[in-house]
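**Student:** here is a sequence with its predicted model. Questions after.
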Amino acid sequence: MTTRQKRVGEASRAATRRRLVDAAAQEFREGGYTATTITALARRGGVSVQTLYLAVGGKPALLRAVLEQALAPPDAAVGSTPGDGSDEGYRRQLRSDAAESHGGSDDPGARLRAIVHVYRLLAERAAPWWRLYRDAAASEPEIAADWAELHRRRRGTLAALLEDVPDGALRPGLGRDAAVDTLWAVASPETHDLLVDRLGYTPEGYEDWLVATLTAALLR
């Protein structure tokens, strides 16, 4: 196989995968995870069931891909999205976004507000798929295990973001691990669901609440 043929093949497989992920997002949004069949996913993606398995790996893998697509920052560079196989580039991208938001300020409060802003934008994109994961995890062990892993990775991402707030700015007696745990618990899918979906907070109101709550909990 020539280099050109290899590139064409890779591009074709990538296009098929993108089409299937987009199709899965539509199917899951309309019918939920459990009720959506592989046959329906393949039909909407315009491929055979066998091709779907070869291109993506099955329904759980498609759910993961849909969430990762939502979590990816808009216009993120290759290697800086959660689906690229490593969290390092993704976390670096989010930290860069936060730094751009606070404009290089040394003020811990400004840095925390920037972290919250980045998280809020991410939560807006990911919230429908967080709910889908939570609901599917209640009855499917494979999804439950993946959901637990995603929570672990989310903590690591928030820990990386909080590195921009120095230890000396944290509330007296609050260690770094406890600070990360607090951020992880407060800036969570569950809290977003309670305030935005159940109580009707606007995205901006939710962000303001996060800033006020986390500033009181984390900073001197």
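**Tutor:** Okay, I see it. Just so you know, these numbers come straight off a predicted model, no measurement behind them. Residues are numbered from 1 along each chain as shown.
**Student:** excluding sequence neighbours, find me the nearest residue to the spatially most central residue of the chain.
**Tutor:** Nearest to the centroid of the C-alpha atoms of the chain, with distances taken as CA atoms, centre = their mean, sits Leu71, at 3.4 Å. In this structure, Leu71 finds its nearest non-sequential neighbour in Pro82, 4.9 Å apart by CB to CB, 6 or more residues apart in numbering. Where C-beta positions appear, they are placed from N, C-alpha and C, glycine not excepted.
**Student:** OK, contacts around the one you found?
**Tutor:** Pro82 is in contact with 68, 71-72, 90, 153, counting by CB atoms under 8 Å, 6 or more residues apart in numbering.
**Student:** just Arg125 next, same as before
**Tutor:** Contacts of Arg125 (CB under 8 Å, 6+ apart): 70-71.
**Student:** what average pLDDT does the host helix or strand of it get?
**Tutor:** For Arg125, the host element (DSSP states H and E) is helix 108-137. Averaging pLDDT along helix 108-137 yields 96.
**Student:** repeat for stretch 32-44
**Tutor:** pLDDT averaged over stretch 32-44 gives 95.
**Student:** run through who's touching that stretch.
**Tutor:** Applying CB under 8 Å, 6+ apart, the contact partners of stretch 32-44 are 20, 23-24, 26-28, 31, 48-49, 51-52, 58-59, 62-63, 132, 135-136, 139-140, 143.
**Student:** buried residues in the helix or strand bottoming out on mean pLDDT in the chain, which are they?
**Tutor:** Lowest on mean pLDDT, DSSP states H and E among the helices and strands of the chain sits helix 3-31, with a mean of 85. Burial within helix 3-31, assessed by neighbour count using 16 or more other CB atoms under 10 Å, is assigned to 16-17, 20-21, 23-25, 27-28.
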